[in-house]
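K.L.:
Sharing a sequence plus its predicted fold:
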2 protein chains.
Amino acid sequence: MAGRLTPEREAELYEAVLDLLREVGYDALTMDAVAARTRSSKATLYRQWGSKPELVARALRHNKPVTLAEIDTGSLRGDFQAMVAREDDCQMEKDSALMRGLMRAVHDNPELHKALREVLIEPEITGLDAVLRRAVARGEVSVDNRALPYVVHMLVGAFAARQFIEDRPVDKAFLADYFDAVVLPALGAPG
Amino acid sequence: MAGRLTPEREAELYEAVLDLLREVGYDALTMDAVAARTRSSKATLYRQWGSKPELVARALRHNKPVTLAEIDTGSLRGDFQAMVAREDDCQMEKDSALMRGLMRAVHDNPELHKALREVLIEPEITGLDAVLRRAVARGEVSVDNRALPYVVHMLVGAFAARQFIEDRPVDKAFLADYFDAVVLPALGAPG
């Protein structure tokens, strides 16, 4: 398709958007600044992504190329361990800083909230649902286990409490322990 | 003590601070505005509370007069139900709005973060620890249960995911179900 960006160029653009986000925050991140930093035209940016919230959401999504949907190890604990394994401590700390900055913007920008939800949150929830459905199908988790609808709450809590209460970044060791200590027992799944 | 406020006057001041917080947010809330709204002198406010973050933290704390430490029903599930019972759906929604506004301010104001932590967060964690210690002493939860250090994470997740993922306010029915479906099973405690 004419005017279509190469994957390399797209990745370069997303990296520049994330760098700008960390440097100046969401509100001060303008399409002009992205165009200048990446030596592209604003017309290209708008044609490709439609709007700033959409561009930011895509850039964040690009950061996490392995989706949960691709994880299928044959056991729930194995799937959880694979989720942890795909993370990188240093990257998680950078992501946390990004997310803290975005949480402020989300309240003031319903369009950003919607874009984040569609591009970042909903695919993760769909992927998590698939992981859990397979665990139910294998008989590891009872179909009427009452914790099933709350796995996402448990995971959000791991990240939010670690940051706001413990004032420490989430790392792989913490996440792995949380899965074994909290999520698997709540689901009554084999540890 | 000369110049000491009566409990009624103190409650009135805290109510005014919370009203102002909901109306204008933390950043726009000035000691001048509090003084004007409550027809008190700034000198009194500073003498009594020291600083704006401290005043805001105390006002929020005053909102939740029953501390967890006073809850002791004889079973962990009973204690959790008592925690839910002390809440009020309408008040929880107002508190959520307040907290959303404050989360933004917390990042920019280390002093507010510190005050909230000391006045609001640490007493709740201490109270929760007492509730859990009694459950261990009664034999309801094993002393080496690995979910014990994560109860606060599970609870923070209930609130954060409900707001940011589900986009719905926390209410008593949700909280009660979350305790039964997630927290008690993770702790291996009687439901």
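P.N.:
Received the coordinates, thanks. Numbering: from 1, shown residues only, chains lettered A, B, ... in the order given.
K.L.:
How about the secondary structure of the one residue in chain A that gets nearest to chain B?
P.N.:
Per Cβ to the nearest Cβ, A:Gly157 is where chain A lies closest to chain B, at 1.9 Å. (Each C-beta comes from the backbone N, C-alpha and C, glycine too.) Using DSSP: H, G, I helix; E, B strand; the rest coil, the structure places A:Gly157 in helix.
K.L.:
That one reaches B:Arg162, doesn't it?
P.N.:
No. Using Cβ atoms under 8 Å, A:Gly157 is not in contact with B:Arg162, being 10.5 Å away.
K.L.:
Mind checking which of those two has more residues around it?
P.N.:
A:Gly157 (27 against 21; other Cβ atoms under 10 Å in any protein chain shown).
K.L.:
and stretch A:159-168, which residues are buried?
P.N.:
Of all the residues in stretch A:159-168, those buried under the rule 16 or more other Cβ atoms under 10 Å in any protein chain shown are A:Phe159, A:Ala160, A:Ala161, A:Arg162, A:Gln163, A:Phe164, A:Ile165.
K.L.:
Check which helices and strands the longest helix along chain A is in contact with.
P.N.:
Counting residues, the longest helix found in chain A (DSSP state H) is helix A:7-28. Contacting helix A:7-28 under the criterion 3 or more Cβ pairs under 8 Å, 6 or more residues apart in numbering or on different chains; DSSP states H and E are the following elements: helix A:31-38, helix A:52-63, helix A:89-108.
K.L.:
deepest of those helices, which one?
P.N.:
Using mean count of other Cβ atoms under 10 Å in any protein chain shown, the stretch among the helices and strands packed on helix A:7-28 with the largest mean neighbour count is helix A:52-63, at a mean of 21.
K.L.:
how far out from the middle of the chain is the helix or strand following it?
P.N.:
The C-terminal neighbour of helix A:52-63 among helices and strands, as given by DSSP states H and E, is helix A:76-85. Distance of helix A:76-85 from the chain centroid (Cα atoms, centre = their mean, to the nearest Å) equals 16 Å.
K.L.:
And helix A:76-85, what does it pack against?
P.N.:
Using 3+ Cβ pairs under 8 Å, 6+ apart as the test, helix A:76-85 ends up in contact with helix A:122-137, helix A:172-178, helix A:184-187.
K.L.:
per-domain residue ranges of chain A.
P.N.:
A:1-59, A:64-191 (automatic domain parsing).
K.L.:
how far out from the middle of the chain is the first one?
P.N.:
Between the centre of domain A:1-59 and the centre of its host chain there is 18 Å, according to Cα atoms, centre = their mean.
K.L.:
pLDDT of it, averaged?
P.N.:
For domain A:1-59, mean pLDDT rounds to 88.
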